[in-house]
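Enquirer: 3D, please:
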Amino acid sequence: MKYNGDANKPDTKSSVQPKSRRTRMWRRSCQCGFGKKRDSNLEFPLKTKCAIPFLLSAIYLSACGGVTPIPMTTKTSTPSVAVSTNIPSPGNTPTLFPDRWVTSTPETIFGYPTPLIPVELDSFAPNIPVGQSDISTHDLYIGKYVVRKWCKEDEIIKEFCSITISSLGEKQVEIWGGPIYLGAETGTDLTGRGYPNIVVISGIGNAAGEVVVWVFEAGSTLKEILRTGSRREIKFVDLNNDKSLEFTGEARIWSQFSDCQILNFPFVYEYNAASGYVNKTSKYNQGILAAIIQRGLDSLISYEAENPNAEVPLCNVYDLVSAYLVSGQTEKAWDILDKNYSAETAAEYKAGFQKDFSAYIP
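Expert: Residues are numbered from 1 along each chain as shown. Next comes the predicted model:
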């Protein structure tokens with residue numbers, strides 16, 4: 001160590017030892033690319049100067065949300081949905097709410113015809129247009145058939161409607177009435193043949209509460225198996241335990257050849273595979289018809305006793321002759337007419353009775 005005149009004061013220039021080549025290169029690399037010559041008087045410690053770039057990088061990553069990993073695509077299997085039509089098995093006992101083949105949407109599906117407006121053969125209010133109305137749904141599908149309801153678009157006659165039964169390749173069936181509706185048994189198997197049935201009930205616009213009942217078998221082809229008039233309650237019930245339901249109703253006959261009418265009497269139709277429902281009132285209603293017969297005989301005897309020389313008015317024997325005919329006792333019915341009227345008058349009356357009771361004489 002050198003001294004320049006003052007033995008106690010060191011020489012500051014000569015006291016600093018020269019740096020090695022390795023130390024100079026290391027410190028130069030820590031300038032981190034600033035490219036400026038260091039001022040030895042402002043030099044920061046080595047560790048602090050090298051930590052600054054790392055600190056800035058950490059702040060940048062934190063502000064940008066860090067590093068987000070790339071999501072991996074996960075293969076998800078798409079479940080297959082099995083589409084099937086729920087067709088209920090026909091039952092032998094009708095219910096108030098039978099199972100029905102119903103498809104609410106779409107309105108027209110593959111295999112069924114598009115809506116076809118019915119044509120009125122005997123036009124009522126022809127200037128009033130017809131529009132489709134709802135039954136239980138807009139379209140009711142039963143087997144291969146679709147049932148629709150159409151009504152007059154007028155508030156006064158809106159009850160005058162038509163029910164149509166349609167299927168591809170078959171002529172549309174159209175039934176008009178006011179009111180007209182489907183029977184609760186529609187969609188059930190009434191006959192035990194394994195096919196659903198369609199029951200249509202149409203009012204005929206009179207105050208007696210009379211209706212016309214249609215029953216169709218909705219098999220490979222649409223088959224009408226019953227059409228008859230009735231009033232008040234109509235029922236389908238198995239009266240003989242053969243798994244085929246009989247149709248019961250109540251009739252009031254308005255004579256077409258006289259001013260007489262018979263009192264209400266019950267009737268029964270039984271299903272026959274060859275010809276559909278046939279009248280079998282005499283088989284099931286002997287007890288009720290027997291009461292009408294006895295009442296008619298008592299009335300005839302009483303009138304003859306009070307009027308021994310007078311001709312018996314037709315209305316006095318109308319119920320009696322009618323009950324004989326409906327119960328299958330045709331000979332007794334004609335005998336009443338032959339005994340009380342001339343041959344010509346008796347023949348005229350016989351023809352009239354046959355016309356009045358054509359649907360009920362077995």
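Enquirer: contacts, neighbours, all on C-alpha from now
Expert: Fine.
Enquirer: which residue packs closest to Lys350, ignoring adjacent ones?
Expert: Distances taken as Cα to Cα, 6 or more residues apart in numbering place Trp334 nearest to Lys350, at 7.1 Å, with adjacent residues excluded.
Enquirer: surely the one you found meets Ala351?
Expert: No - using Cα atoms under 8 Å as the test, Trp334 is too far from Ala351 to be in contact (10.7 Å).
Enquirer: Look at the two and report which has more neighbours.
Expert: Remark: of Trp334 and Ala351, Trp334 carries more neighbours, 18 against 11, as counted by other Cα atoms under 10 Å.
Enquirer: Would you map out the domains in the chain?
Expert: Domain segmentation of the chain under automatic domain parsing yields 130-251, 289-356.
Enquirer: Do me a favour and get the end-to-end distance for the shortest one?
Expert: What that stands for is domain 289-356. 17 Å (Cα to Cα, to the nearest Å).
Enquirer: so where's the longest helix in this structure?
Expert: In the chain, taking DSSP state H as the definition, the longest helix is helix 286-306.
Enquirer: Flag the shaky bits of the stretch 201-350 of the chain, pLDDT-wise.
Expert: Within the stretch 201-350 of the chain, the stretches with pLDDT under 70 are 204-208, 232, 263, 285.
Enquirer: Spell out the residue ranges of the strands in it.
Expert: Ranges of strands in the stretch 201-350 of the chain, per DSSP state E, counting those that start in this stretch, are 210-218, 222-237, 246-251, 265-272, 276-279.
Enquirer: Show me which parts of the third one are buried, residue by residue.
Expert: Using 16 or more other Cα atoms under 10 Å as the burial criterion, the residues of strand 246-251 that qualify are Glu246, Phe247, Thr248, Gly249, Glu250, Ala251.
Enquirer: Would you confirm that the first one contacts Asp238?
Expert: Put plainly, it is Glu246. Yes - using Cα under 8 Å, Glu246 makes contact with Asp238 at a distance of 5.6 Å.
Enquirer: How about the contacts made by Trp214?
Expert: Neighbouring residues of Trp214 by Cα atoms under 8 Å, 6 or more residues apart in numbering: Val199, Val200, Ile201, Glu224, Ile225, Leu226, Arg227, Thr228.
Enquirer: Does it have any beta-bridge partners, and if so which?
Expert: Val200, Arg227 (DSSP bridges).
Enquirer: Okay, it and Thr345: tell me how far apart.
Expert: Looking at Trp214 against Thr345, where the rule is Cα to Cα, the gap reads 36 Å.
Enquirer: same question, Gln286
Expert: With Cα to Cα as the criterion, Gln286 and Thr345 are 29 Å apart.
Enquirer: between those two, who's got more neighbours?
Expert: Taking neighbours as other Cα under 10 Å, Gln286 and Thr345 compare with Gln286 leading, 16 against 12.
Enquirer: which residue packs closest to Ser220, ignoring adjacent ones?
Expert: Closest residue in space to Ser220, ignoring its immediate chain neighbours: Lys144 at 8.0 Å, by Cα to Cα, 6+ apart.
Enquirer: whoops, I mixed them up, Ile293
Expert: Leu320 (5.2 Å).
Enquirer: what's the answer for Ser167, then?
Expert: Closest residue in space to Ser167, ignoring its immediate chain neighbours: Tyr145 at 4.9 Å, by Cα to Cα, 6+ apart.
Enquirer: Could I get the phi/psi values of that neighbour?
Expert: As for Tyr145, its main-chain torsions (degrees, to the nearest 10) stand at phi -110, psi 150.
Enquirer: Residues in a beta bridge with it, which ones?
Expert: Beta-bridge partners recorded for Tyr145 (DSSP bridges): Ile142.
Enquirer: Next, the contact list for it, please.
Expert: Counting by Cα under 8 Å, 6+ apart, Tyr145 touches Tyr112, Ile165, Ser166, Ser167, Ala218.
Enquirer: Ile117 now?
Expert: With contact taken as Cα under 8 Å, 6+ apart, Ile117 is in contact with Val130, Gly131, Trp150.
Enquirer: Narrow the residues you listed to those that are buried.
Expert: Buried members of the contacts of Ile117, counted by 16+ other Cα under 10 Å: Val130, Trp150.
Enquirer: Restricted to strands, list the contacts of Ile117.
Expert: Cross-referencing those against strands under DSSP state E gives Val130, Gly131, Trp150.
Enquirer: any idea how far the residue nearest to Lys350 is from Tyr341?
Expert: Per Cα to Cα, Trp334 is found 11 Å from Tyr341.
Enquirer: just Lys283 next, same as before
Expert: 30 Å.
Enquirer: same deal with Thr228?
Expert: Counting by Cα to Cα, the gap from Thr228 to Tyr341 is 32 Å.
Enquirer: next one: Asn241
Expert: Noted for Asn241: a distance of 44 Å to Tyr341, by Cα to Cα.
Enquirer: Looking at those two, which is more packed in?
Expert: The residue with more neighbours, out of Asn241 and Tyr341, is Tyr341; 16 against 9, by other Cα under 10 Å.
Enquirer: count of residues packed around the closest residue to that one other than its chain neighbours?
Expert: Excluding the flanking residues, the one nearest Tyr341 by Cα to Cα, 6+ apart is Glu311, at 7.5 Å. Using other Cα under 10 Å, the number of residues around Glu311 comes to 11.
Enquirer: So what does Glu311 look like in phi/psi?
Expert: Main-chain dihedrals, Glu311, degrees, to the nearest 10: phi -70, psi 140.
Enquirer: Noted, bye for now.
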